[in-house]
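1. would you be able to build a 3D model of this:
(6 chains)
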4 protein chains.
Amino acid sequence: MARTQALPIQITTGDPRPIGRQIIDAVRMRIATGALRPGAQLPSVRGLAQQLTINPNTVAKAYAELTAEGWLESRQGLGLYVAEPRQRLSSAERDRRMDEAIQSFVHEVIALDYPPERAMARLDKALAILDRKTA
Amino acid sequence: MARTQALPIQITTGDPRPIGRQIIDAVRMRIATGALRPGAQLPSVRGLAQQLTINPNTVAKAYAELTAEGWLESRQGLGLYVAEPRQRLSSAERDRRMDEAIQSFVHEVIALDYPPERAMARLDKALAILDRKTA
Amino acid sequence: MARTQALPIQITTGDPRPIGRQIIDAVRMRIATGALRPGAQLPSVRGLAQQLTINPNTVAKAYAELTAEGWLESRQGLGLYVAEPRQRLSSAERDRRMDEAIQSFVHEVIALDYPPERAMARLDKALAILDRKTA
Amino acid sequence: MARTQALPIQITTGDPRPIGRQIIDAVRMRIATGALRPGAQLPSVRGLAQQLTINPNTVAKAYAELTAEGWLESRQGLGLYVAEPRQRLSSAERDRRMDEAIQSFVHEVIALDYPPERAMARLDKALAILDRKTA
DNA sequence: GTGGTCTAGACCACA
DNA sequence: GTGGTCTAGACCACG
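-> Numbers count the residues shown, from 1 in each chain, chains lettered A, B, ... in the order given. Below is the predicted model:
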């Protein structure tokens, strides 16, 4: 019955990502950093939609993707909960997709003519939030 | 393996990027790594379109974006040439866009539950191609 | 330009599966049996929706899931194509999902009090379509 | 490991099935394997609901479906008992529903690109629990 | 109350 | 022309 304290998901109009993706990223981030632990309940589709003043279908679609990816699990009629962590993708697929992310990042560094060392330094700092999930 | 002066731009059907973006990325990459030096001439719109068997409009649009970004300059009636390097974006804008790229990368690391150190190591290796432009 | 001959996807109102799922199953079946080979183009979202007289969004969602699962890949502005086969899920995840399917089947055999040997025989026959993909 | 006469029905939150279905499946399984024999009494609606800490309505609905299917029979004021086995569905209907189950299984084998022989082997093993009801 | 599915129609990016 | 995203509102199953 008790919600998991606050889950202040925010959407930003200035953000280039579609709002569904913002929700997905935000939820994954909270799980990865330990702000949302396995078993925690998520805000209801309708509730979050109302809070963010967006369409419930957009929230439902985001939750559906997170469920398909194994981050959440639905308990019929009760709501959605954070699932136990499990390895869903094959190593090859993970490496393939990381390859794409790396290529994309490299292309952006080039496009901005950004100093590679500085890019690495900033990225290293940004990844620090994942260091310990026992936040 | 060593790429020299020619510009063997390849487009890959399996690539998730739209082909216009593939061209842009490829040209910027060649300039950034020194494979294309300032003053070098690019293949004509029609020539490249024919070579890649794609729509000339797609090539023209890619070249237009590269020109707008300051990578290329057109010499009327002669064709497109690699421009002298210059700073186009403000520092603030560059930092803002690098921020976006970093956030995007971090989100992918999270989504894949990829070991951050390994991601950094692979990225570092990928960025090595930019180390010295005097290749 | 040329479509891959006929792709007579059918939806049945009597089918208990939602129509989106019917599309997904049908496309996967055609790929698995070799009726659709890697590189083949699929009917357009709007085209298939019109042919089946259903909403284009339903088709789009089905195609999106097939793309997320790695069966299809989209080429911007050109359409959707059958992707090269690749192993996307980890072995553990595949075994876990097969476990669920087996449990579900066993429960149905029990519910119908169906002779297990006969169930196995019929299933064996149904799986025969996968024997050689070079149909 | 060996299950005897008690009826230690368990519901699992990680199970994708709704809990009402879990109850139905569990009871049918126990009857099919002989763990529950004709004439045996089932836990009361309220008792089971309390034991599983779920809504009594859910238990009542599950029992109602099992009664409708002919697995249980109610003796007014005394409770619910396992019924004598009887053929409820026509052969045609049983075959039709087995068809659906088979199709569903085949679709999952395809979706997972799971080796058919291995799927059959695992299923055969899972069905072994039904071999002799005189366990 | 919860999520899951479907329909309808709009707007955008890409080619 | 293509797919991708979002909104709006309806109906169903589950608890």
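2. now the strands for chain A?
-> A:72-75, A:79-82 (DSSP state E).
3. can I get these in a markdown table with distance to residue B:105 and mean neighbour count?
-> Backbone N, C-alpha and C define where each C-beta goes, glycine included. Output for the strands of chain A, formatted as a markdown table (distance: least, CB to CB, whole Å; neighbours: other CB atoms under 10 Å in any protein chain shown):
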| stretch | distance to residue B:105 | mean neighbour count |
| --- | --- | --- |
| strand A:72-75 | 23 | 18 |
| strand A:79-82 | 24 | 19 |
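4. enumerate the residues of chain A near chain C.
-> Contact residues, chain A versus chain C (CB under 8 Å from any CB of the partner chain): A:65, A:68, A:70, A:86-93, A:96.
5. among those residues, which ones are buried?
-> A:65, A:70, A:88-90, A:93 (16 or more other CB atoms under 10 Å in any protein chain shown).
6. just to revisit the earlier point, any chance of CSV for the strands of chain A, columns mean pLDDT and distance to residue D:12?
-> As requested, the strands of chain A are arranged in CSV below (pLDDT from 0 to 100; distance: least, CB to CB, whole Å):
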stretch, mean pLDDT, distance to residue D:12
strand A:72-75, 92, 10
strand A:79-82, 93, 13
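7. switch those strands over to TSV; also include distance to residue C:108.
-> Shown next, in TSV, are the strands of chain A (distance: least, CB to CB, whole Å):
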stretch	distance to residue C:108
strand A:72-75	22
strand A:79-82	27
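8. any idea how far residue A:123 lies from residue B:90?
-> Applying CB to CB, to the nearest Å, the value for residue A:123 to residue B:90 is 21 Å.
9. please disregard the earlier target; I meant residue A:40.
-> 42 Å.
10. excluding chain neighbours, what is closest to residue A:17?
-> Nearest non-adjacent residue to residue A:17, counting by CB to CB, 6 or more residues apart in numbering or on different chains: residue A:25, 7.1 Å away.
11. how about the strands of chain A, which one is nearest residue D:56?
-> strand A:72-75 (18.0 Å; CB to CB).
12. list the neighbouring strands of the closest one plus their orientation.
-> Strand A:72-75 has the following sheet partners, assigned by DSSP bridges: strand A:79-82 (antiparallel).
13. and the residue of chain A positioned farthest from its centre, backbone torsions?
-> Most distant residue from the mean C-alpha position of chain A: residue A:113, 28.5 Å away (CA atoms, centre = their mean). When read as degrees, to the nearest 10, the backbone of residue A:113 gives phi 50, psi 50.
14. ok, it - contacts?
-> B:32, B:85, B:87 (CB atoms under 8 Å, 6 or more residues apart in numbering or on different chains).
15. next step: those residues restricted to helices.
-> Members of the contacts of residue A:113 lying in helices (criterion: DSSP state H): residue B:32.
16. among the contacts of residue A:113, which one has the lowest pLDDT?
-> Lowest pLDDT among those: residue B:87, with 84.
17. without its sequence neighbours, what residue ends up closest to that one?
-> Nearest to residue B:87 is residue A:113, by CB to CB, 6+ apart, at 7.9 Å.
18. residue A:127: neighbour count?
-> 18 (other CB atoms under 10 Å in any protein chain shown).
19. was I right to think it contacts residue B:106?
-> Yes. Because the distance of 6.1 Å satisfies CB atoms under 8 Å, residue A:127 is recorded as touching residue B:106.
20. just to check, residue A:23 is in contact with residue A:62?
-> Yes. Counting by CB under 8 Å, residue A:62 is a contact partner of residue A:23 at 4.0 Å.
21. quick one: the longest helix anywhere in chain A to helix C:91-112, angle?
-> When chain A is parsed with DSSP H, its longest helix is helix A:91-112. With axes from the mean of the first three to the mean of the last three CA atoms, to 10 degrees defining the directions, helix A:91-112 sits at 130 degrees from helix C:91-112.
22. tell me the pLDDT of the closest residue to DNA strand F within chain A.
-> Nearest residue of chain A to DNA strand F (CB to the nearest atom of the strand) works out as residue A:18 at 2.2 Å. Looking at residue A:18, its pLDDT is 87.
23. show me what from chain A comes close to chain B.
-> Residues of chain A lying near chain B (CB under 8 Å from any CB): A:16, A:25, A:28-29, A:32, A:69, A:85, A:87, A:89, A:94, A:97-98, A:100-114, A:116, A:119-120, A:122-124, A:126-127, A:129-131.
24. and the residues you listed, which of them are buried?
-> Judged by 16+ other CB under 10 Å, buried ones among the residues of chain A next to chain B: A:25, A:28-29, A:32, A:89, A:94, A:97-98, A:101-114, A:116, A:119, A:122-123, A:126-127, A:129-130.
25. tell me the domain ranges of chain A?
-> A:19-82, A:91-132 (the TED database).
26. for residue B:44, which of those domains is the nearest?
-> Of all the domains of chain A, domain A:91-132 comes closest under CB to CB, at 23.5 Å.
27. quick one: is that closest one near DNA strand E?
-> No. Judged by CB under 7 Å from any atom of the strand, domain A:91-132 and DNA strand E are separated, with a smallest distance of 13.4 Å.
28. shaky segments in chain A?
-> A:1-7, A:132-135 (pLDDT under 70).
29. let's see that with 50 instead.
-> Applying pLDDT under 50 to chain A picks out residues A:1-6, A:134-135.
30. where do the helices sit along it?
-> With DSSP H as the criterion, chain A has helices spanning A:19-32, A:45-52, A:56-68, A:91-112, A:116-127.
31. out of those, flag the one nearest residue C:54.
-> Of the helices of chain A, the one closest to residue C:54 (CB to CB) turns out to be helix A:56-68, at 17.5 Å.
32. near chain D, which residues of chain A?
-> So chain A meets chain D at A:73, A:75-77, A:81, A:83-84 (CB under 8 Å from any CB).
33. show me the contacts for residue A:89.
-> A:97, B:112, C:88-90, C:93.
34. adding distance to residue B:57, write these out as JSON lines.
-> Formatted as JSON lines, the contacts of residue A:89 follow (distance: CB to CB, whole Å):
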{"residue": "A:97", "distance to residue B:57": "31"}
{"residue": "B:112", "distance to residue B:57": "36"}
{"residue": "C:88", "distance to residue B:57": "35"}
{"residue": "C:89", "distance to residue B:57": "40"}
{"residue": "C:90", "distance to residue B:57": "43"}
{"residue": "C:93", "distance to residue B:57": "43"}
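35. from those, which is closest to chain D?
-> Nearest to chain D among those is residue C:89, at 7.0 Å by CB to the nearest CB.
36. distance of the closest one from chain B?
-> 13 Å (CB to the nearest CB, to the nearest Å).
37. roughly how far does that residue sit from residue A:88?
-> In terms of CB to CB, residue C:89 sits 6 Å off from residue A:88.
38. just want the phi and psi numbers for the spatially closest residue to residue A:129 that is not a sequence neighbour.
-> The shortest distance from residue A:129 to any non-neighbouring residue, by CB to CB, 6+ apart, is to residue A:33 (5.6 Å). Main-chain dihedrals, residue A:33, degrees, to the nearest 10: phi -90, psi 0.
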